[in-house]
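Enquirer: Can you look at this prediction? I've put the sequence above it.
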Amino acid sequence: MLFTVNDVPNLPTGFTDTFTSHTVTTSEGLTLHAIVGGSGPALLLLPAWPQFWYNWRLVMPALAEHFTVVAADVRGTGASDKPATGYDGATAADDMAALMTGLGHDRFAVAGYDYGLLVGHALAAKHRDRVTRLVVGEAILPGFSPSPPLMSDPVTNEFPWHFAFNSLADINDRMVAGREEIYFGHQFTSKAARPDAIPQHAVDLYVDVLRDPAARHASFEVYRRLGETAEQFQRWHKEGPLTIPVLAIGGEYSTGTAPAEDMRKVATDVTGVVIPGSGHFLAEEVPEDPTKALLNFLL
């Protein structure tokens, strides 16, 4: 499966009448894939880990009524190339800037949660003249979020334990190979508000991507590079905080107010929202509320 708009199941009715797959090849020869549709100012949507553009499918139609929506596959995910290296924040930011240039958008708003928070913040911090507004949520901010203790209670440990596992040099790749549905499937059942909040067909699709050794390697490389990304974030912050409007979203049963608290360390104009009834996977668990929050903030 190629994981483009014509290759995935269970899209909202009429989705492919609005959205089509596009690719851009960067100056470094990297091919990046995105789903594009709608009209109006450009809005870049960034995927969560361990997902790809598909995690935005339920909110994209409403957003496309007001924006030219670009739902990207960052390097290592979906239908984009999956090189062995390049998973630090600065490289991810440059990739997405190149994608938007290739699609003809000089300035644009950005929305991303989980890994999308990391990439979105990197993009807004490194390419300050291009990002007009930033929506982030459901993740730590490397270099600024407090680290949890090594020894914590079971409930607390259930949420961040994968950070240490994913950061290991290679034993994680070897342990998960052939057991992708166990490891990655657990992320969806344990971090959503309800174990069945993410439909099985979607979980199967996300796991199918990660059966590719290159995609699985990339998913861990993001975590292996978090120290490097934290240093980049701290260096960019020394140039001054973000001054664009920022919306920081948390799920009631997940990070709650933490994303707003963290973003206020690096940005001067931050609005915080907590989505009731949601766990970690905002755009799929209760898509109506994140859609409303995005539209209220961006319009």
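Expert: Yep, it's here.
Enquirer: residue nearest the centroid of the chain?
Expert: residue 116 (2.5 Å; Cα atoms, centre = their mean).
Enquirer: from the chain's centre, how far out does the helix or strand bottoming out on mean pLDDT in the chain sit?
Expert: Using mean pLDDT, DSSP states H and E, the weakest-scoring helix or strand in the chain turns out to be helix 154-158, at a mean of 77. Helix 154-158 has its C-alpha centroid displaced from the chain centroid by 23 Å (Cα atoms, centre = their mean, to the nearest Å).
Enquirer: pull the CA atoms of that helix into CSV?
Expert: Included here for helix 154-158 are C-alpha records, laid out as CSV according to Å, rounded to 0.1, in the frame of the first residue of the first chain:
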residue,chain,number,x,y,z
PRO,A,154,2.1,3.1,37.5
VAL,A,155,-0.5,5.5,36.2
THR,A,156,2.1,8.2,35.5
ASN,A,157,4.5,5.7,34.0
GLU,A,158,2.0,4.4,31.5
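Enquirer: Mind listing residues that contact the helix or strand hosting residue 34?
Expert: Per DSSP states H and E: residue 34 is located in strand 31-38. Strand 31-38 is contacted from outside by 3-5, 18-26, 53, 60, 63-75, 78-81, 95, 98-99, 102-103, using Cβ atoms under 8 Å, 6 or more residues apart in numbering. Just so you know, the C-beta spots here come from the backbone N, C-alpha and C atoms, and that holds for glycine as well.
Enquirer: Which among those count as buried?
Expert: 3-5, 18-19, 21-24, 26, 53, 60, 63-64, 66-75, 78-81, 95, 98-99, 102-103 (16 or more other Cβ atoms under 10 Å).
Enquirer: Over to residue 136. Which of the three states is it?
Expert: Assigned state for residue 136: strand (three-state reduction, DSSP: H, G, I helix; E, B strand; the rest coil).
Enquirer: what do you get for residue 271?
Expert: The assignment at residue 271 comes out as strand when based on three-state DSSP.
Enquirer: How about the contacts made by it?
Expert: Residues counted as contacts of residue 271 (Cβ under 8 Å, 6+ apart) are 245, 246, 247, 248, 260, 297.
Enquirer: What residues sit buried inside the lengthiest helix in the chain?
Expert: The residue-count maximum for a helix in the chain (DSSP state H) belongs to helix 89-102. By 16+ other Cβ under 10 Å, the buried positions in helix 89-102 come out as 89-100, 102.
Enquirer: Can I get the residues you listed in a markdown table including pLDDT and distance to residue 152?
Expert: A markdown table is the format used below for those (pLDDT from 0 to 100; distance: Cβ to Cβ, whole Å):
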| residue | pLDDT | distance to residue 152 |
| --- | --- | --- |
| 89 | 97 | 26 |
| 90 | 98 | 31 |
| 91 | 98 | 32 |
| 92 | 98 | 29 |
| 93 | 98 | 32 |
| 94 | 98 | 36 |
| 95 | 98 | 34 |
| 96 | 98 | 34 |
| 97 | 98 | 37 |
| 98 | 98 | 40 |
| 99 | 98 | 38 |
| 100 | 98 | 39 |
| 102 | 98 | 44 |
